[in-house]
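Trainee: Okay, here's the prediction I keep looking at, along with the sequence it came from:
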Amino acid sequence: MNTRMAIVTGASGAVGACYVKHFVQQNNTKCVALSRSKLESTKVIQFKVDLLDEKGTREAIEQLDISQVSDLILVHGVGKFKYEDLESLPHLNHDRHKIDDEVFSSNYHTFVNVVNPLVKKLNEEHQRGRKTTLALCGFGSISDRYKIPFWRSYTYAKDTLRKYIKDLAKSEDWKGLIRGRFINVSTTDTGNENKLRPNVTVEEKQYWLKPEKIVAQSMPVIESLKPLWQEIDVYEILPGFNPEEYYNDYQTIKGKWERQMGLTKV
């Protein structure tokens, strides 16, 4: 029993597709793709499913046969991002602690809906005496640690997800068989990011992170069985960039983002 199974959610997106491409090229690895869109690849086990559909997601995971799998890997890059200008979002401004439900659910509940039935299957294997391991990999932003007010729902969702993964990885009940990984990335060149920020300049975009770099730098960490919890940053180095200075200058952030999104005149 030396087969690995890698489950990639959001497999039709830019980042997810890069992980799928990586896993299908690996020996003794079965790749499972969960996506709302059908993939062209015939080398993966595909499930077309909306991860917010708890029942549909559970039924998809229950179809997986992990009896001959020694290591399970879940790579979950799904989740919506919203720019939240308090002045233009009265439903959030009314209560400064209000969190956007759509952002939270798409980042957190989509993960939990996959993990719950997956962990149940893992527990069944352990009861049969097998020591199958599981890697849970989530993604966040490097800016999460700075608690930027303009995307507080996103940050809150990612922080909640971090805690969920970390608690599972450090749980004594699993005796070190579940490991948690969290990959914090800088702005990444994806279709969604380009739609969100259509007015970004060519000079700015040259420092956007490529999905291939995320895969290359994260895979050694994801594959390693130790430590049980690890968080890493993947980013492009911007000359002269001071993160402490930038992320604490809310007016500069607001001006840059609203220009890039086309909310203000250039």
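Mentor: Sure, I can see it. Numbering: from 1, shown residues only.
Trainee: Need the contact partners of stretch 155-164.
Mentor: Here stretch 155-164 makes contact (C-beta atoms under 8 Å, 6 or more residues apart in numbering) with 79, 99, 103-104, 106-108, 111-112, 138, 140-141, 143-144, 147-148, 182, 231. Using the backbone N, CA and C atoms, a C-beta is placed for each residue, glycine as well.
Trainee: Run through the strands of the stretch 151-266 of the chain in chain order.
Mentor: According to DSSP state E, counting those that start in this stretch, the stretch 151-266 of the chain carries its strands in the segments 178-185, 229-234.
Trainee: I'd like the ones you listed as TSV, with distance to K121 appended.
Mentor: Shown next, in TSV, are these (distance: least, C-beta to C-beta, whole Å):
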stretch	distance to K121
strand 178-185	13
strand 229-234	22
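Trainee: about what we covered before: tell me the buried residues within the contacts of stretch 155-164.
Mentor: 79, 99, 103-104, 106-108, 111, 138, 140-141, 143-144, 148, 182 (16 or more other C-beta atoms under 10 Å).
Trainee: returning to that earlier point: tell me the most buried of the strands of the stretch 151-266 of the chain?
Mentor: Mean neighbours per residue, mean count of other C-beta atoms under 10 Å, is largest over the strands of the stretch 151-266 of the chain for strand 178-185, with a mean of 23.
Trainee: Can you show me the CA trace of that strand as PDB?
Mentor: Provided in PDB are the C-alpha atoms of strand 178-185 (Å, rounded to 0.1, in the frame of the first residue of the first chain):
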ATOM      1  CA  ILE A 178      -3.000  14.400  10.000                       C
ATOM      2  CA  ARG A 179      -0.700  17.200   9.100                       C
ATOM      3  CA  GLY A 180      -1.800  20.800   8.300                       C
ATOM      4  CA  ARG A 181      -0.300  23.200   5.800                       C
ATOM      5  CA  PHE A 182      -1.200  26.800   5.100                       C
ATOM      6  CA  ILE A 183       0.200  28.600   2.100                       C
ATOM      7  CA  ASN A 184       0.100  32.400   2.200                       C
ATOM      8  CA  VAL A 185       0.500  34.000  -1.200                       C
END
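Trainee: Could you give the separation of it from the chain centroid?
Mentor: The gap between where strand 178-185 is centred and where its chain is centred comes out at 9 Å by C-alpha atoms, centre = their mean, to the nearest Å.
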